[in-house]
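> the sequence isn't on hand, but the structure is:
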């Protein structure tokens, strides 16, 4: 009886994790973020590439917290976001408390990685991306400009939906 209960709990957990991922994509707000691969040479040895988002660096003037920002502090990043690949999300503010976004905005949960005199370094747990074997990223046919479509669920979970490579002439 106990063994069946443990197996059922494990199956429910796996189904719950998978369901949360699908629900994030289905019910989440979709935004586009500008990014670039950090090191494409690592794809010779791994199936993942690290991404560096433009929204991972925010001016210190965007901080709206009770005290000064601290490393490893959980934050909520308010993004001006239009769900179009031609309009990339930009940081509107960094908060230490959860907030409700307005029209044309999204909130992405993250962490402070570094505090400099004029900027904040941020991390979103979206920095690793699995690269399929036939991807232009893996084959070395890419420009440094990459756009990532992210889905942000109402409960705060975020996941990468799609990666779009820009032609060399469109890279900014």
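Perfect, thanks for sending it. Remember, predicted model here, so these are calculated numbers, not experimental data.

> how about residue 29, what does it touch?
81, 83, 106, 151, 152, 154 (C-beta atoms under 8 Å, 6 or more residues apart in numbering). All C-beta atoms are positioned from the backbone trio N, CA, C, and that covers glycine.

> if you could redo that for residue 160, that was the one I meant.
Applying C-beta under 8 Å, 6+ apart, the residues contacting residue 160 are 126, 129, 148, 149, 150.

> hey, what's it bridged with?
Beta bridges link residue 160 to residue 150, judged by DSSP bridges.

> roughly how far does it sit from residue 95?
Distance from residue 160 to residue 95, counting by C-beta to C-beta, to the nearest Å: 23 Å.

> quick one, which of the contacts of residue 29 are buried?
Using 16 or more other C-beta atoms under 10 Å as the burial test, the contacts of residue 29 include 81, 106, 151, 152 as buried.

> which elements pack onto the longest helix along the chain?
Counting by DSSP state H, the longest helix found in the chain is helix 2-27. Judged by 3 or more C-beta pairs under 8 Å, 6 or more residues apart in numbering; DSSP states H and E, helix 2-27 is in contact with strand 146-152, strand 158-165.

> now the two most distant members of the buried ones among the contacts of residue 29.
81 and 151 (11.6 Å; C-beta to C-beta).

> re earlier: of the contacts of residue 160 - the most surrounded one?
Counting neighbours by other C-beta atoms under 10 Å, residue 150 comes out on top of those with 26 neighbours.

> from residue 160, how far out is that one?
Distance, residue 150 to residue 160, using C-beta to C-beta: 6 Å.

> shared neighbours of these two, which are they?
Here residue 150 and residue 160 share the contacting residues residue 126, scored by C-beta under 8 Å, 6+ apart.

> which parts of the protein are helices?
Per DSSP H, the chain carries helices over the ranges 2-27, 136-139.

> what does the average pLDDT come to for the longest helix of the chain?
Averaging pLDDT along helix 2-27 gives 83.

> so it versus strand 158-165, what angle?
Helix 2-27 and strand 158-165 are oriented at 50 degrees to each other (axes from the mean of the first three to the mean of the last three C-alpha atoms, to 10 degrees).

> tell me the buried residues in helix 2-27?
Neighbour count says helix 2-27 has residue 24 buried, by 16+ other C-beta under 10 Å.
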